[in-house]
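A.B. asks: dropping a prediction and its sequence here:
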Amino acid sequence: MKKCIIKIIILIVALSSILVGLTGCKGHTSKSYTYNVDTGDKIKVEMDTTGGYNMTSSLPIEFSKDDEVISQGTFGKENAYDLYYDEVKNENDVTIIEEKSKGNIDYFFYEYDNSEYNYIIKIKDSKTCFILGNNVSKESAQEIFEKLEFKVE
């Protein structure tokens, strides 16, 4: 009798594990492209596409949610980061929302005239920056940014 109960318990645990695996969340999806940038760098841009997000392969890169383009991005030379920063600090209609380092990037996020929400991203160990523009909303700009990773190849 004990052997039968043990076999039933093992069978229940095994079936439960299979069911959890089959009924779990849809899973993580992502998409990435590697670009040969004018700076001589090869930069891989990866996006977490879970939840209806997507990106295109051509420049400027279009980032979308449920087929609606939210942001666009393109590459620039490393010194463009400093040029944008100096320009933004001196503009009256501009507010720097955030300025940080995260992993292998330095970035600042700013709002222009309550209608544009842009990230300027310096990719460490490269001669490249990335300009991510959005004229939809602050929240959608942040959503796209949080789904991106940059890697020097």
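C.D. replies: Done, it's in.

A.B. asks: any chance you could map the helices in the chain?
C.D. replies: For the chain, the helices defined by DSSP state H cover 2-23, 78-89, 138-146.

A.B. asks: who touches the second one?
C.D. replies: Residues outside helix 78-89 that contact it (C-beta atoms under 8 Å, 6 or more residues apart in numbering): 39, 94, 96, 106, 108, 110, 120-122, 126-129, 131. All C-beta atoms are positioned from the backbone trio N, CA, C, and that covers glycine.

A.B. asks: what average pLDDT does it get?
C.D. replies: Average pLDDT, helix 78-89: 93.

A.B. asks: same check on the longest one?
C.D. replies: Mean per-residue pLDDT for helix 2-23: 50.

A.B. asks: list the contacts of the closest residue to residue 105 other than its chain neighbours.
C.D. replies: Sequence neighbours aside, residue 121 is the residue nearest to residue 105 in space, at 5.2 Å (criterion: C-beta to C-beta, 6 or more residues apart in numbering). By C-beta under 8 Å, 6+ apart, residue 121 lies in contact with 81, 105-107, 129-132, 150.

A.B. asks: can you add neighbour count and distance to residue 67 and give those residues back as CSV?
C.D. replies: Below are those laid out as CSV (neighbours: other C-beta atoms under 10 Å; distance: C-beta to C-beta, whole Å):
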residue, neighbour count, distance to residue 67
81, 21, 31
105, 18, 28
106, 16, 32
107, 20, 27
129, 27, 28
130, 25, 23
131, 17, 23
132, 22, 19
150, 20, 24
